[in-house]
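**Q** Mind folding the following:
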Amino acid sequence: MQRAKPKMAGFRDAAKRLFPLQDIQSVVELFRLELTTDGHEPNLAMLSLVAGIVENGLTSNRANTVMEGMNQSRTLEPIFPVVQMSYVEAFLAKFESQIKGSVDLSEHKSNFATREMVKKISDVVWSSLCRGHYKDKAHLQSLYSYLTGNRLDCFGVAFAVVAACQVLGFDDVHLALSEDHAWVIFGENGKETAEVTWHGKGNEDKRGQPITAGVADQSWLYLNGYPVICTREMEVSALVSAINPSISSTQDSIELAELQQELLWLLYDLKHLEKYPMALGNLGDLESIAPSQGRPCCEDIFESAINSAQRYYNDHHVYPYTYLGGHLYRHQRYKDALKRWAQASSVVSKYNYYREDEEIYKEFLDIAFELIPNIVKEFSHSVTQNSPLCDPECYAYFLQFYDGLCRWEEGSVTPVLHITWSKKFIGVVSKFASGVRELIDVHIEEDDDCEDEEKIEEDNDHQKENVVRPKMSREKKEEKATNECHTKNKISLRSKNYNVTRKKLREDINQNIITDKSNNNNNVKPDSLDSSSDSIGNELKTPGQQLDVSNPNIAALAAACSESILNPDYLLGASETSTPFASKSWDTKTDLNDFLSGSNNGGAFPGITIESALKAESPAEMAFHRQWKARQSDSQGEDSEEEEGKPSHTSVSAVSASQMMSPKLTLSSAKMKGLKDLLTNPGKLNTAAIQLQLTAQSQVQFNKRPRSTSEYEDFGSLRRRPRRE
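**A** Presented below is the predicted three-dimensional model:
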């Protein structure tokens, strides 16, 4: 079979008439012409050169100008570089001659590219790159950077290989993109895959190899076999999405951002972004900064990116959720942001974590270490109805976020959570009210292995029940039933007597320590305690058991328990002249209910019920409850005065109806399953146990694999657009 004649990637007459390109609209028209002409593929090399020339003119050449004029002016004059046709033609001829002069097609007879051919083309691009350390620099993704400085980033190498294959006439070679990596597919129906670029240093030996190993490892870098498989038009979308408008770390090019936005809208109208969630996220990010009139709002675009990932990629893309979560966070819609971050964590839990997944790890690190603590810090000093710290759903989203991270860690080579993660986790959990933590309806997701083991146990029990046993005679059955009945009656009678004596014991002790109002005895006599304890002991005696004589020290200790040792005013800071210890014991005649709930007793905690006092973890919390109740009564009084005849509004401390609902949460990770009771306990948090559980390596079964040469090195990447604050 003879191979088809290579298609020349030169200029057409219609494209030449658009030059010189002097503004944004002329560049958009050139892209439109290449994308809409029937029977003609977009010229990837030419479009990459044009985009690179414009980007370099608006960013790299102005970086020095920014530094020199920083003290003079904070703005830059809009200067759009003029792109001449002769300039583009010269670079295009250089690229074509380099590729065609290095690849011999005389012995290649197939219409489709082979692995050897793809490897040879990638070697041509790779061998011409300079060996300097430049992977973290921007604006290195276009052929302009390749032809002028012999520099390309990860995405740039993959795109250059695809453009070179187009020059040679291999129309079956296309770009495949994950959220942080790029490779190519080729062959009939695109069944073959090959690495053509690097992800970090030291991966040169991977070029030409299939990606099956990365997919088998369930690495996020390869999206579990759900990458974006590009057409020629989608490869143009990838080129446009890779444009970087940044001039410096603090300044962007407005003109270049506007050009990128217009080109993305062009591709959006032509339906070339429908299967490209990352490009939709970039468009939504640009729209959130400078909305276009008559266009969908940025939030709808972010939602369309999520829908695209769910529809075409089995919900294996993480960045669509983090894009929307960051947008909601910047607009102070914190509850919705927590929901999207929790969904992103659920998506990443489908993978195993490797060191090559550094970019997505940094994304979640930023959310857990900065964004969520900032939300908590904003509301920790104020108690409002709309506070996320008073919303059970927000607490459920937060737990779901960490549950996904713990699930991501399970089965991974490298652990995800370390001691700093646990400290951030505890710092946030402790800020949620105990009543909010108690409202969560937590369920445990059953693993398949556990279900199989349960089935096996049930089968064994069923087999045991079906074992033939010798039949019992009627007399023995009646005798056995009678014995069981007598045993149950004895147990119930003992339990009843024990409860009665236990109640009487509590009453006697309470009468000795905190007396009733009708009781005028100020002093407690040890003899009375001894006699009461002896009488109670006689009631508790059972046949065959001996009770020891009560120790008189216990009676003395019980009498002293009613005296106050510390001064509450000093603990609360109410009086600077007060001493730490009480100078005078409290009157044992004081009724406990009157002490806590009375308004004129002059006690330290007026207006507090017994239940609230027992639930309080410290005197400071009891004082806070007293101030909270006072604010509540004041706000209710103001509402009744302003709106007479209308139903009273919810107080500041009250929780809305939606917040009172118990959200359901299903935990799937081993670590969070172990923390279920600790995280929903209304009492004091056991921070030591939580920290130990989150950082416990025994909870995670790590898979072992041979250590690669690049496993402990920094990795460059096809980076997504940085979050815009």
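**Q** tell me the contacts of the nearest residue to residue 236 once chain neighbours are set aside?
**A** Ranked by CB to CB, 6 or more residues apart in numbering and with sequence neighbours excluded, the top spatial neighbour of residue 236 is residue 42, at 5.2 Å. For every residue, glycine as well, the C-beta is placed using N, CA and C. With contacts defined as CB atoms under 8 Å, 6 or more residues apart in numbering, residue 42 is in contact with 34, 35, 232, 233, 235, 236.
**Q** Quick one: list the elements packing against the strand or helix carrying the last one.
**A** Looking back up the chat, that one is residue 236. If you go by DSSP states H and E, residue 236 is part of helix 232-241. Contacts defined by 3 or more CB pairs under 8 Å, 6 or more residues apart in numbering; DSSP states H and E place helix 232-241 against helix 24-36, helix 44-55, helix 154-168, strand 174-177, helix 254-269, helix 277-289.
**Q** Surely residue 193 is in a strand?
**A** Yes - under DSSP: H, G, I helix; E, B strand; the rest coil, residue 193 sits within a strand.
**Q** what bridges to it?
**A** residue 185 (DSSP bridges).
**Q** what about it, how many neighbours?
**A** 22 (other CB atoms under 10 Å).
**Q** Need the three-state assignment for the residue nearest to residue 236.
**A** Three-state assignment for residue 42 (three-state DSSP): coil.
**Q** Return the per-residue confidence for it.
**A** What the model reports for residue 42 is a pLDDT of 94.
**Q** pLDDT weak spots in the stretch 101-250 of the chain?
**A** Along the stretch 101-250 of the chain, the model assigns pLDDT under 70 to residues 132-136, 200-205.
**Q** Swap in 90 and give it another go.
**A** With pLDDT under 90 as the threshold, the stretch 101-250 of the chain has low-confidence stretches at 104-111, 129-138, 154, 188-189, 198-207, 213-214, 216, 248-250.
**Q** what ranges do the strands span in it?
**A** Taking DSSP state E, counting those that start in this stretch to define them, one finds strands in the stretch 101-250 of the chain at 174-177, 182-186, 192-194, 228-229.
**Q** right, and those - which one's nearest residue 148?
**A** strand 182-186 (21.6 Å; CB to CB).
**Q** Work out for me the element residue 442 sits within.
**A** Counting by DSSP H and E, residue 442 is found in strand 441-444.
**Q** That strand pairs with which strands, and in what direction?
**A** strand 664-667 (parallel).
**Q** Which element is encountered next along the chain beyond the partner strand?
**A** helix 670-674.
**Q** Show me what that next one is packed up against.
**A** Counting contacts by 3+ CB pairs under 8 Å, 6+ apart, helix 670-674 is packed against helix 392-409, helix 687-694.
**Q** Can you give the contact residues for it?
**A** 399, 402-403, 406, 409-410, 417, 444, 667, 679, 693-694, 696, 699-700.
**Q** And the furthest pair within those?
**A** Spatially, the most separated pair among the contacts of helix 670-674 is 417 and 444, at 19.6 Å (CB to CB).
**Q** between those two, who's got more neighbours?
**A** With other CB under 10 Å as the criterion, residue 417 and residue 444 differ in neighbour count, and residue 417 comes out ahead with 20 against 12.
**Q** Could you provide the helices and strands packed on helix 232-241 in a markdown table, with additional columns for distance to residue 381?
**A** Putting these into a markdown table (distance: least, CB to CB, whole Å) gives the following:
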| stretch | distance to residue 381 |
| --- | --- |
| helix 24-36 | 47 |
| helix 44-55 | 45 |
| helix 154-168 | 45 |
| strand 174-177 | 45 |
| helix 254-269 | 37 |
| helix 277-289 | 29 |
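**Q** about what we covered before: lowest-confidence stretch among the helices and strands packed on helix 670-674?
**A** Lowest mean pLDDT within the helices and strands packed on helix 670-674: helix 687-694, a mean of 91.
**Q** got the angle for it vs helix 392-409?
**A** Calculated by axes from the mean of the first three to the mean of the last three CA atoms, to 10 degrees, helix 687-694 forms an angle of 40 degrees with helix 392-409.
**Q** Buried residues, helix 687-694. List them.
**A** Using 16 or more other CB atoms under 10 Å as the test for burial, helix 687-694 gives 687, 690, 691, 693, 694.
**Q** so the last one touches residue 420, yeah?
**A** No - using CB atoms under 8 Å, residue 694 and residue 420 do not qualify as a contacting pair, with a distance of 10.6 Å.
**Q** from the strands of the stretch 101-250 of the chain, which stretch is densest packed?
**A** strand 182-186 (a mean of 25; mean count of other CB atoms under 10 Å).
**Q** okay, the angle between it and helix 232-241?
**A** Using the same axes, to 10 degrees: strand 182-186 against helix 232-241 is 170 degrees.
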